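K.L.:
Coordinates for the following, if possible.
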Amino acid sequence: MKQIFRIPRYLMVGASVMLLTTLVTGLAVLLLHVEPVTNFASQPLPTVLMALLVLGCGVAAGVAAAVVQRHREDIRGVVAAVEALEEGELDTWPPAPFDGDLGQLAQAFRRLQQRLKKLTVSRNYLDQVLASMQDALLLVGADGRIKRVNPAACELLEATESELLGRPVVELIAPAQRAQFGGERRPDPRGEAIMLSLRGREVPVAYTWSPIEATEPDLSGAIIAVRDITERKLADRRIRYLARIDALTKVPNRMQFQHLLQRAIARARRAHGHVALLYVDIDRFKDINDTFGHAAGDAALETLARRVTNLLPSGAFMGRLAGDEFGVVLFPREPVRPDNGELGRLVQRIRRAVGEVLLVQGHELYISVSIGIAGFPTDADNVLDLIRNADAALYEAKSAGGNRVEYYRPEMNAAQVERLILKSQLRRSYELDELLINYQPKVSVRSGRIAGAEALVRWDLSEHGLILPSEFIPLAEETNLILEIGEWVLNRVCADYAEWRRHGSQPGRISVNLSLKQLAQPNFSRRIGRILKRHGITPECLELELTETTLMADPERTIAVLRELHDMRLHLAIDDFGTGYSSLSALQKFPISTLKIDQSFVANAASDADDATMIATMVDMAHRMHMEVVAEGVESEEQLSLLRRLDCDYVQGLLFGEPMSARAYRDLIDAQRDGTDSYRALFG
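P.N.:
Predicted coordinates for the structure are as follows:
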């Protein structure tokens, strides 16, 4: 720009010399050829004209020199402004006005200045936008080298801007993925990759690759937007882990276990080998949860999984199939049968390990397991049938009392099918009012008189016969039908009681069994109150029986509900005492008035001194706590005689007849009133 508008110094000097020479020459001519002024008019005309011409040229040259000097200053101002523009000073411009062509040139430069100023403001704003973006941005040239980055890119790649500029972008990609970004092949517009920071850290990223097309090679390239997806990858890994592994026990969950079992069967089929599936269930796990809380239950599950896993041989595996149910897959050399010694020894090792003491909340807890075993190819040739058959064997072990091992037998499936059929038939029988209420008399040991009865639900299925509560009540619990059956029983008992009263009979106090699910219903005490009011029965006429498990399931809430029932003057009893984890001292906080000794203690009490001692202890402690005692399952006069000696208050059982209908019970208490009953002889 300086070379375009600069006037050479020699021209300026030449013009000045020429101007000075012309002036001197003109003056000399005038002095030599012109006479004094007085004679000027008489001078020859050519001489005068020549002198004037020379003088005019001098004046013109002087004016030209002055004009050149003026333009020289203006050009210097324009040059200075352009130089300031080159340095980025967009607000500098000479204030003096310019005329003519130079003015037009100056205005063109001013417009250029204003345009550059606007572009600079836009570029600064763009820089601020890029700097504020959380995603990393890399501008890459056509040669694949980085030309520009934003601060987020520097942070992601743990580098300064100067360390990144000029570096081939492919060097920042994990070696295994560089082929996707190098060479002639253009990367996918979007995808995921592993980038390498300058400190060597691998960073999983999601990227978008946007090419920049331009006619000039220097302006071509691509802009890459990169987002760190480390947290998302960790979350995805966690989700995939939880989709396969049980979070509590750290063993495969049911879905993953079935997948592993399927692969195991496929390998065994190719190798003509054997697969043993052990279906393992913790005995009375619900009692552990209800008595000690879910933390204790979780501890038991974790302990079982850890102990069993530590025993498994190479290749064997374990999985959690349901709440307290586990599957164990073994690969015995011989077929899966009860006489397989290798398999039997490992099963016994598992049972012994699981049975070791477990310390929970300062208490020593012993757990046992029931195990059902089925094998491939002896019992099933696919995953679903193998699991079903092992489950059938497990059910057999649980039905036999637990803490047992059962091998699958084909007839077990028939029992499982029957169980499913009974579930559906129970609902239909309830809806058709096919359930029955029978009453088992409760007799006073001291007087021999009937003091009341226990209401027992019976299910008389035409094609099956009479089904006992121990068989169908668990089915009702599983389907939640127990709530409807429980309320139906209360209404039916109250209706029978009202009928007995109208007939003039004195039925005594009637006991009704309650389930845990009934007790957990909202406003349960109000439900009881409405039923009593509907039938005109006073609360003292009823006694509600609860098992130890029900009492200890949620002690705080149970105490509150039982106090409400007690305040209504309802009697409360503990049923089947001695079969749970609780003790009499632990039950003192409950407003219980009656304790019922389970028939398992009564059965051999007449011949077993230990059982007799247990009963004596329970009777004595209950009396000290102001409770009445009822002995269940009395079937012989020897048992009755023993219970009388031990000062038991009441007895009930088959010695006094089978459970009977409401009409038969009314006839019995009427016969007692008339002195024609047959029980008196037993107490003579």
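K.L.:
Now for the protein, the helix or strand with the poorest mean pLDDT.
P.N.:
In the chain, the helix or strand scored least confidently by mean pLDDT, DSSP states H and E is helix 2-5, which has a mean of 44.
K.L.:
Distance of the residue lying closest to residue 641 once chain neighbours are set aside relative to residue 188?
P.N.:
With Cβ to Cβ, 6 or more residues apart in numbering as the criterion, residue 641 has its nearest non-adjacent residue at 7.7 Å, and that residue is residue 606. C-beta coordinates here come from the backbone N, C-alpha and C atoms, glycine included. From residue 606 across to residue 188, the span is 87 Å (Cβ to Cβ, to the nearest Å).
K.L.:
which one of the two has more residues nearby?
P.N.:
residue 606 (16 against 13; other Cβ atoms under 10 Å).
K.L.:
Hmm, residue 639 and the more buried one touching each other?
P.N.:
Yes: look at residue 606 against residue 639 with Cβ atoms under 8 Å: they come within range, at 5.2 Å.
K.L.:
For the residue lying closest to residue 267 once chain neighbours are set aside, identify the helix or strand it belongs to.
P.N.:
Once flanking residues are discounted, residue 267 sits nearest to residue 273: 7.3 Å by Cβ to Cβ, 6+ apart. Secondary structure from DSSP states H and E places residue 273 outside every helix and strand.
K.L.:
just to revisit the earlier point, is the residue nearest to residue 641 in a helix, a strand, or coil?
P.N.:
In three-state terms, and counting by DSSP: H, G, I helix; E, B strand; the rest coil, residue 606 is coil.
K.L.:
who's in contact with it?
P.N.:
612, 636, 638-639, 641-642 (Cβ atoms under 8 Å, 6 or more residues apart in numbering).
K.L.:
okay, those in JSON lines with neighbour count and secondary structure next?
P.N.:
Converted to JSON lines, these look like this (neighbours: other Cβ atoms under 10 Å; DSSP: H, G, I helix; E, B strand; the rest coil):
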{"residue": "612", "neighbour count": "19", "secondary structure": "helix"}
{"residue": "636", "neighbour count": "14", "secondary structure": "coil"}
{"residue": "638", "neighbour count": "12", "secondary structure": "helix"}
{"residue": "639", "neighbour count": "23", "secondary structure": "helix"}
{"residue": "641", "neighbour count": "12", "secondary structure": "helix"}
{"residue": "642", "neighbour count": "21", "secondary structure": "helix"}
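K.L.:
and which of those is nearest to residue 457?
P.N.:
Of all these, the one with the least separation from residue 457 (Cβ to Cβ) is residue 639, at 25.5 Å.
K.L.:
need the contact list for residue 627.
P.N.:
Applying Cβ under 8 Å, 6+ apart, the residues near residue 627 are 592-595.
K.L.:
and those, which are buried?
P.N.:
Among the contacts of residue 627, those classed as buried by 16 or more other Cβ atoms under 10 Å are 592, 594-595.
K.L.:
want to try CSV for these, with pLDDT and distance to residue 449 as columns?
P.N.:
As requested, those are exported to CSV (pLDDT from 0 to 100; distance: Cβ to Cβ, whole Å):
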residue, pLDDT, distance to residue 449
592, 90, 24
594, 93, 17
595, 91, 21
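K.L.:
Could you export the residues you listed as CSV, including secondary structure and distance to residue 312?
P.N.:
Converted to CSV, the buried ones among the contacts of residue 627 look like this (DSSP: H, G, I helix; E, B strand; the rest coil; distance: Cβ to Cβ, whole Å):
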residue, secondary structure, distance to residue 312
592, coil, 46
594, strand, 49
595, strand, 45
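K.L.:
Okay, helices next: where are they in the stretch 551-684 of the chain?
P.N.:
Secondary structure of the stretch 551-684 of the chain (DSSP state H, counting those that start in this stretch): helices located at 555-567, 599-602, 609-624, 637-645, 662-674.
K.L.:
Tabulate the CA atom coordinates of the shortest one in CSV.
P.N.:
Read it as helix 599-602. Taking Å, rounded to 0.1, in the frame of the first residue of the first chain, the C-alpha atoms of helix 599-602 are listed here in CSV:
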residue,chain,number,x,y,z
GLN,A,599,-50.5,-80.8,68.6
SER,A,600,-46.9,-81.8,67.7
PHE,A,601,-46.1,-81.5,71.4
VAL,A,602,-49.3,-83.3,72.5
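K.L.:
Determine the set of other helices and strands touching that helix.
P.N.:
Here helix 599-602 touches helix 609-624, going by 3 or more Cβ pairs under 8 Å, 6 or more residues apart in numbering; DSSP states H and E.
K.L.:
quick one, the helix it packs on and helix 637-645 angle?
P.N.:
When axes from the mean of the first three to the mean of the last three Cα atoms, to 10 degrees is applied, the directions of helix 609-624 and helix 637-645 differ by 40 degrees.
K.L.:
Can you list the buried residues in helix 609-624?
P.N.:
For helix 609-624, by 16+ other Cβ under 10 Å, it's 611-612, 615-616, 618-619, 622.
K.L.:
Counting by contacts, list what that helix packs against.
P.N.:
By 3+ Cβ pairs under 8 Å, 6+ apart, helix 609-624 packs against strand 594-597, helix 599-602, strand 628-631, helix 637-645.
K.L.:
rewinding a little: could you save the contacts of residue 606 as a markdown table and add columns showing pLDDT?
P.N.:
Output for these, formatted as a markdown table (pLDDT from 0 to 100):
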| residue | pLDDT |
| --- | --- |
| 612 | 90 |
| 636 | 91 |
| 638 | 92 |
| 639 | 92 |
| 641 | 92 |
| 642 | 93 |
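K.L.:
hang on, the earlier thing: show me which pair in the contacts of residue 627 is furthest apart.
P.N.:
593 and 595 (8.8 Å).
K.L.:
what's the overlap in contacts for these two?
P.N.:
In contact with both residue 593 and residue 595: 573, 627-628, using Cβ under 8 Å, 6+ apart.
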